[in-house]
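[1] need a structure here:
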Amino acid sequence: MSLRPELVTYLEARAASGLPEVWQAPVEVLRRNLENRPASSGTPEEIYEVEHRYIPGPTADLPIRIYRSHWHAPQPVLVFFHGGGWVLNNLDIYEQAMRSMANKGQFIVVAVNYQKAPENPFPIPFDDCYATLLWVANNAEKLGIDPSQIGVGGDSAGANLAAGVAIKARDTGDLKLAFQALIYPCNDNEMNYESAKTNGVGYGLSTKSMKWFWDMYLQKKSDSKNPYAVPVAAKDLTGVAPAIVTTCEYDPLLDDGYIYAELLRKSGVPTIYREYEGAIHGIFSLAGVTDQAIELQQHVCDEINALLMR
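    The predicted structure follows:
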């Protein structure tokens, strides 16, 4: 399928903006350039409650937002980690998506603004995300959460974090996750797959940009062998949480998500996979640009709910 017309227009506008590529400007400039990004994220839906608070993390207090579509305890929960190459983005950019997920899924969503690379490389963002999961589990009763229905999810770098968190939860036995929702994950830092070549330039996220993000996140050579940082490095994925994996046709990471879904299946992990045709990387948080964002959000919620009912 050809690229969707609204995404062609979006990419043309981005190209005409003259904004620097990620390797061409200081990180603080890149972050400042995203200040208007919530406009393309779409209008946030009305929701019962959004609670802003801080929780203690391993090295800093962490801002979180708790989204509720109603108050009927106990409820399932999605602990969500946002994308942005472990370097960019914040919870404001994801406000529409998080409200939408809570409303459509009828589960609580807890989103964390973890610390970012390059100032805080691996393992700090990962540790922040795992600590958030443990905080949710340890405070399940107070939060009105069913401790047997806790799952993790994220998009792009956030999906990488969610996949790593799911592996660690399996390894430690700290808790048994009900699901992991991986939206166009980046789980292989080598990127030696075909879509990194065919979709490497011209579709928003470029392969060169993605490799720059990996360099910011993994600042020690040994990190690339750590499955919590690079989930494809895991020798065995047996016993990790059931997975929902989504990818986009015109994404350098298309094959990354497909390959990881196949690795999960080969390890006996129940896995649901869907590729969005005519789509680019980032559509999950582009509800102001394309209806595919809402379609993707609905799909992930429906599949989470189906897993929770098993």
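[2] give the buried residues for the helix or strand of the chain with the lowest mean pLDDT.
    Of all helical and strand segments in the chain, the minimum by mean pLDDT, DSSP states H and E falls on helix 38-41, at a mean of 84. If you call a residue buried by 16 or more other CB atoms under 10 Å, then helix 38-41 has these buried ones: Pro38, Ser40, Ser41. The way it works is simple: take the backbone N, C-alpha and C, and place the C-beta from them, glycine included.
[3] again, but for stretch 34-49
    For stretch 34-49, by 16+ other CB under 10 Å, it's Arg37, Pro38, Ser40, Ser41, Gly42, Pro44, Glu45, Ile47.
[4] about what we covered before: can you redo the buried residues of helix 38-41 as CSV with distance to Ser2?
    Below are those laid out as CSV (distance: CB to CB, whole Å):
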residue, distance to Ser2
Pro38, 29
Ser40, 21
Ser41, 25
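[5] list just the nearest of these to Ala25.
    Ser40 (19.7 Å; CB to CB).
[6] residue contacts, the closest one?
    Ser40 sits next to Tyr10, Leu286, Gly288, Val289 when contact means CB atoms under 8 Å, 6 or more residues apart in numbering.
[7] any idea how far the second one lies from Gly83?
    Right, Leu286. Counting by CB to CB, to the nearest Å, the gap from Leu286 to Gly83 is 12 Å.
[8] now the first one
    Using CB to CB, Tyr10 is found at 17 Å from Gly83.
[9] higher neighbour count, the two?
    Remark: of Tyr10 and Gly83, Gly83 carries more neighbours, 27 against 21, as counted by other CB atoms under 10 Å.
[10] which one is the more buried one nearest to, not counting chain neighbours?
    Once flanking residues are discounted, Gly83 sits nearest to Ser156: 3.2 Å by CB to CB, 6 or more residues apart in numbering.
[11] do the same with Asn103
    Ser69 (4.8 Å).
[12] now Ala293
    Ala287 (3.9 Å).
[13] what about the one you found, neighbour count?
    Residues near Ala287, counting by other CB under 10 Å: 23.
[14] which ones are touching it?
    Ser41, Gly42, Thr43, Gln96, Ala97, Ser100, Ala293, Ile294, Gln297.
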